[in-house]
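A.B. asks: with the input below, show me the fold.
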Amino acid sequence: MFYHVKETQYRAKPADGSDPAYARKLQEILGGQFGEMSVMMQYLFQGWNCRGPAKYKDMLLDIGTEEIGHVEMLSYMIAQLLESFPEDQEAAVKSGSMVGEVLKGHKPSETMMAAAFNPQHFIANGLGAAPNDSNGYPWVGRYIISSGNLLADFRANLNAESQGRLQAVRMYELATDSGVRDMLHFMIARDTMHQNQWMAAIEDIIAEGLDGTPCPFNFPLEKEMQEVSGQFWNHSRGTESAEGAWAQGERPDGLGQFTYLASPTPLGDEPVLGPVAPSVHGTAKMPVPPSTDETKPYLG
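C.D. replies: Presented below is the predicted three-dimensional model:
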């Protein structure tokens, strides 16, 4: 059961009125691949699917529900940034400004400048937020990861929060409205917390012996080709990669040493594909005459 509180987690109100161009940009951290909708759904599904210890399930549902509130804050902010857009548009057209000329469609730079606005905000969404990214592409469930393996999922969550915080701080740098920056400075701080939360949860799972590296830890090592499991293969010009910790010394999993393979050679043969059925009409290895029977394909 979910329970909605009308007050938002933190203030979500612009200080300087509407800004439809920034509203479009803000859609990225709402409905983009690493936006709040993605982490909201990712954490909730991981929690609903969790079969591990209760503390992990409870934590996942805590943070997933928190992210619902972040989606709400961004949606309200976008809607408010769009509130006076029609009046702003009319004023811009009447003023003869560059933006006004673009809106009238009289300038060669129309395509470039018009990209600052999302017409769907007006036409399809009635000056409200949408579950889309900054280019209007719909959010899709393929963005989320819920594998049933908590260590694998928590590592994906750490990546999601890292990418999300990166995009949020970029949005902060683009913002000029003090109200927008005020909201983002709260959300960025929560991203900091969540990155640390996932790092702590990863360490917790490993310390409790529930999983480890390589993940999943319970797959028998004798079933993998162990002689290549610690080799770094140099697959590009130059050997600078040999200087990294991934090419020398003990592996983080404690199961051996890294080695550097400067000139890897193929371990397999050149693939040769066999023929397919004539009904596929693929390209033959040798020239073939055309079929003379219109009722059935040429069989060779």
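A.B. asks: residue 188: what's it in contact with?
C.D. replies: Counting by CB atoms under 8 Å, 6 or more residues apart in numbering, residue 188 touches 165, 168-169, 172. Backbone N, C-alpha and C define where each C-beta goes, glycine included.
A.B. asks: mind redoing it with 10 Å?
C.D. replies: Neighbouring residues of residue 188 by CB atoms under 10 Å, 6 or more residues apart in numbering: 164-165, 168-169, 171-172, 181.
A.B. asks: so this structure: which segments form each domain?
C.D. replies: As given by automatic domain parsing, the domain ranges for the chain are 20-83+127-207, 221-261.
A.B. asks: tabulate the ones you listed in TSV, adding columns for distance to residue 13 and mean pLDDT.
C.D. replies: Listed next are these as TSV, based on distance: least, CB to CB, whole Å; pLDDT from 0 to 100:
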stretch	distance to residue 13	mean pLDDT
domain 20-83+127-207	5	98
domain 221-261	46	96
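A.B. asks: any idea which of those domains is most buried?
C.D. replies: domain 20-83+127-207 (a mean of 19; mean count of other CB atoms under 10 Å).
A.B. asks: related to what we said a few turns ago, out of the domains of the chain, flag the one nearest residue 290.
C.D. replies: Of all the domains of the chain, it is domain 20-83+127-207 that lies closest to residue 290, at 44.2 Å by CB to CB.
A.B. asks: now residue 259, what's its secondary structure?
C.D. replies: Put simply, residue 259 is strand when judged by DSSP: H, G, I helix; E, B strand; the rest coil.
A.B. asks: list the beta-bridge partners for it.
C.D. replies: residue 231 (DSSP bridges).
A.B. asks: against residue 214, how distant is it?
C.D. replies: From residue 259 across to residue 214, the span is 17 Å (CB to CB, to the nearest Å).
A.B. asks: return the residues in contact with the closest residue to residue 151 other than its chain neighbours.
C.D. replies: Of all residues not flanking residue 151 in the chain, residue 211 sits nearest, at 4.0 Å (CB to CB, 6 or more residues apart in numbering). By CB under 10 Å, 6+ apart, the residues touching residue 211 are 52, 149-152, 154, 202, 205, 217-218.
A.B. asks: can you do 7 Å?
C.D. replies: Neighbouring residues of residue 211 by CB atoms under 7 Å, 6 or more residues apart in numbering: 149-151, 205, 217.
A.B. asks: quick check, it in a helix?
C.D. replies: No. If the criterion is three-state DSSP, then residue 211 is coil and not within a helix.
A.B. asks: just the ones in helices from the contacts of residue 211, please.
C.D. replies: If you go by DSSP state H, the contacts of residue 211 have 150-151, 205 in helices.
A.B. asks: could I get the domains of the chain as TSV with distance to residue 5?
C.D. replies: Shown next, in TSV, are those (distance: least, CB to CB, whole Å):
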stretch	distance to residue 5
domain 20-83+127-207	9
domain 221-261	43
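A.B. asks: nearest to residue 118, of those domains?
C.D. replies: Taking the domains of the chain one by one with CB to CB, domain 20-83+127-207 is closest: 4.2 Å.
A.B. asks: how far away from the center of its chain is that closest one?
C.D. replies: What separates the centre of domain 20-83+127-207 from the centre of its chain is 10 Å, taken as CA atoms, centre = their mean, to the nearest Å.
A.B. asks: what about the residue nearest to residue 151, distance to residue 64?
C.D. replies: Following CB to CB, the distance that separates residue 211 from residue 64 is 21 Å.
A.B. asks: which residues touch residue 148?
C.D. replies: Contacts of residue 148 by CB under 7 Å, 6+ apart are residue 49.
A.B. asks: just residue 255 next, same as before
C.D. replies: Counting by CB under 7 Å, 6+ apart, residue 255 has no contacts.
A.B. asks: tell me the SS of it?
C.D. replies: coil.
A.B. asks: what backbone torsions are found at it?
C.D. replies: Per-residue torsions, residue 255: phi -100, psi 10 (degrees, to the nearest 10).
A.B. asks: next one: residue 67
C.D. replies: The phi/psi pair for residue 67 (degrees, to the nearest 10) is phi -70, psi -30.
A.B. asks: shift numbering so it begins at 57
C.D. replies: Got it, first residue is 57 now, which makes that one residue 123.
A.B. asks: gap between the closest residue to residue 253 other than its chain neighbours and residue 267?
C.D. replies: Leaving aside its sequence neighbours, residue 253 sits nearest to residue 119 (CB to CB, 6+ apart; 7.2 Å). According to CB to CB, residue 119 and residue 267 sit 20 Å apart.
A.B. asks: can you read off the pLDDT for residue 343?
C.D. replies: pLDDT recorded at residue 343 is 81.
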